[in-house]
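Colleague: One predicted model, sequence on top.
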Amino acid sequence: MNPSIRRFTALALALALPLAASAADYKLGTGSVLGFSSKFQGQQFDGSFGKFNAAISYDAANLAASKFDVTVDVATAKTGDNDRDGALPGPDFFDAKKFATAHYVTTGFSKDAKGNVVANGNLTLHGVTKPVQLKVVFTPGNGSAKLAVSGTVKRLDFGVGSGDYKDTSVIPNEVEVNGNLNLLPK
């Protein structure tokens, strides 16, 4: 093979590899929900955050190129109960004046024993950063996509819930988190 053709072929391959490794970038579409579920004195409640941003890059065939970066305004937590909604942003729970946001960023992806995709990442909440895993279900559409995530956060690991609310017989330590995101191409 001609040396100049060999150099051109090598250059073309080198330029194409980064393109093959990139994931599709998405922005949030309308109707996206980021929520949580727990119990208070044995009674189930569900809530959601009114404001959050997410930068999502995802390629189911190349998880190494995928990444989630989500920032949540914790003061926008709502559960439909006025007393609880008034307490959540306060110092006994999120302390939103001091810690206005929660931030989750992936460190990688893996598959569990059943073949489900798992996002491995770090959650910073209430000034504490800890690893959190989320189960991922990605459903591609016609240019758009749906992304569902779910997992468990141990609130006391992050210092959320003080005084009487530290008692796990009042509020369990485990809080279920979930997201149903409608994604649009960026």
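Modeller: That came through fine.

Colleague: for the residue lying closest to P172 once chain neighbours are set aside, helix, strand, or coil?
Modeller: Distance criterion C-beta to C-beta, 6 or more residues apart in numbering; nearest residue to P172, sequence neighbours excluded, is K39 at 5.7 Å. In short, each C-beta sits where N, CA and C put it, glycine included. Three-state assignment for K39 (DSSP: H, G, I helix; E, B strand; the rest coil): strand.

Colleague: Can you show me the helices along the chain?
Modeller: Along the chain, the segments classed as helices by DSSP state H run 3-20, 82-87.

Colleague: May I have the shortest one as PDB, with CA atoms only?
Modeller: Looking back up the chat, that one is helix 82-87. Backbone C-alpha positions of helix 82-87 (Å, rounded to 0.1, in the frame of the first residue of the first chain) are rendered in PDB as follows:
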ATOM      1  CA  ASN A  82     -48.600  22.000  53.800                       C
ATOM      2  CA  ASP A  83     -46.900  21.200  57.100                       C
ATOM      3  CA  ARG A  84     -44.400  18.800  55.500                       C
ATOM      4  CA  ASP A  85     -43.800  21.100  52.600                       C
ATOM      5  CA  GLY A  86     -43.000  23.900  54.900                       C
ATOM      6  CA  ALA A  87     -40.600  21.800  57.000                       C
END
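
Colleague: which residues in this structure form strands?
Modeller: With DSSP state E as the criterion, the chain has strands at 24-28, 33-40, 43-49, 52-58, 67-73, 77-78, 101-111, 117-125, 128-140, 145-154, 174-185.

Colleague: list the buried ones in the third one?
Modeller: Of the residues in strand 43-49, those buried under the neighbour-count criterion (16 or more other C-beta atoms under 10 Å) are G47, S48, F49.

Colleague: repeat for the second one
Modeller: Neighbour-count burial for strand 33-40, with 16+ other C-beta under 10 Å as criterion, is recorded at L34, G35, F36, S37, S38.

Colleague: Wait, the fourth one touches P172, no?
Modeller: It stands for S37. No. Counting by C-beta atoms under 8 Å, S37 does not reach P172; the two are 10.2 Å apart.

Colleague: picking up where we left off before, and which of the buried residues of strand 43-49 is nearest to D59?
Modeller: Nearest to D59 among those, counting by C-beta to C-beta, is F49 at 26.6 Å.

Colleague: Tell me the confidence at that closest one?
Modeller: The model reports F49 with a pLDDT of 98.

Colleague: what residues are up against it?
Modeller: Residues near F49 by C-beta atoms under 8 Å, 6 or more residues apart in numbering: L34, G35, V72, D73, V74, T76, A77, K78.

Colleague: try it again with 7 Å
Modeller: L34, V72, D73, T76, A77 (C-beta atoms under 7 Å, 6 or more residues apart in numbering).

Colleague: what bridges to it?
Modeller: Listed by DSSP bridges, the beta-bridge partners for F49 are A77.

Colleague: Let the chain start at 22 from now.
Modeller: Happy to do that; since the first residue is 22 now, the last one works out to F70.
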